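A.B. asks: let's see this in three dimensions:
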Amino acid sequence: MTQAAETLPAASLLQLIWLASPALPVGGFSYSEVLEAAVDRAGVATESRASDWLADQLHLTLARGDLAVIAQAIPAWRKSNLTRIRQLNDWVLQTRETSELRLQAEQMGRSLLDWLRNHDGANADHIAACARMQPTYPVAFSLAASQTAAGTGDCMLAYAFGWAENMMQAALKSVPLGQSAGQRILARLSRDIPAAVEAALQLPDSERQAFSPMLAILSAQHETQYSRLFRS
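C.D. replies: Modelled structure (predicted):
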């Protein structure tokens with residue numbers, strides 16, 4: 001991935017930065033992905049606990065789920081293998097363990113597809129095909145990233161960093177934490193992301209998984225949490 005990053009055309013590098021940006025209008029900032037419930041019910045009330053929680057989430061759920069899907073979806077989009085894309089999208093929909101997590105995947109997928117429709121260079125046929133399958137965010141992101149010259153691993157790094165930045169911002173508001181603490185959390189996640197991406201790239205379909213009972217329980221509790229900042 002290092003070599004690919006060194007030779008990546010400037011336009012593609014900028015596209016990846018753009019896709020990873022919290023300013024991308026897909027609504028990622030409005031979700032805490034259960035972190036808010038973990039603060040309220042699971043004692044994630046310090047910088048170290050929040051850092052550990054997010055690092056575990058990166059390796060145990062993101063790497064084995066969304067990142068593993070993206071590893072397969074980007075090459076599938078580039079080959080116009082729509083059957084494979086639909087299989088991956090169906091897997092994401094079927095393995096979201098609560099209505100909250102499923103609605104997030106669907107809403108962010110729709111929003112990213114809307115952004116792509118107004119984006120120069122977008123493949124109209126792929127966008128139309130994606131729209132017909134109720135796209136989830138990992139699959140829509142894969143479509144957007146597939147239109148760059150970046151390697152699959154570099155696209156996955158961008159996705160993971162965008163997730164990490166949103167989760168760090170959620171920690172600042174939920175715990176709450178100061179900006180310096182947030183940057184330390186982001187630094188730790190950034191160190192862990194390359195290994196998570198490498199693991200996801202090697203994961204076969206038979207080992208892709210979305211088994212995170214504690215996350216599912218807290219997500220269900222977050223849906224009815226009395227006072228909350230984030231969407232459910």
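
A.B. asks: what sits closest to residue 113 if chain neighbours are left out?
C.D. replies: Closest residue to residue 113 apart from its sequence neighbours, by C-beta to C-beta, 6 or more residues apart in numbering: residue 140 at 5.2 Å. Where C-beta positions appear, they are placed from N, C-alpha and C, glycine not excepted.

A.B. asks: pLDDT of whichever strand or helix holds the one you found, averaged?
C.D. replies: In this assignment (DSSP states H and E), residue 140 forms part of helix 137-146. Taken as a whole, helix 137-146 carries a mean pLDDT of 97.

A.B. asks: just how off-centre is that helix within its chain?
C.D. replies: Helix 137-146 has its C-alpha centroid displaced from the chain centroid by 10 Å (C-alpha atoms, centre = their mean, to the nearest Å).

A.B. asks: same check on stretch 120-133?
C.D. replies: That offset, for stretch 120-133, works out to 20 Å (C-alpha atoms, centre = their mean).

A.B. asks: start to end distance for it?
C.D. replies: 22 Å (C-alpha to C-alpha, to the nearest Å).

A.B. asks: in that stretch, what's buried?
C.D. replies: 126-127, 129-131, 133 (16 or more other C-beta atoms under 10 Å).

A.B. asks: tell me the SS of the residue nearest the centre of the chain?
C.D. replies: Central residue of the chain (C-alpha atoms, centre = their mean): residue 163, 5.0 Å from the mean position. Following DSSP: H, G, I helix; E, B strand; the rest coil, residue 163 is assigned to helix.

A.B. asks: hang on, it packs against residue 62?
C.D. replies: Yes - taking C-beta atoms under 8 Å as the definition, residue 163 is a contact partner of residue 62 at 6.3 Å.

A.B. asks: so how far is residue 169 from the residue nearest to the centre of the chain?
C.D. replies: Separation of residue 163 from residue 169 (C-beta to C-beta, to the nearest Å) stands at 11 Å.

A.B. asks: and if you look at residue 58?
C.D. replies: 15 Å.
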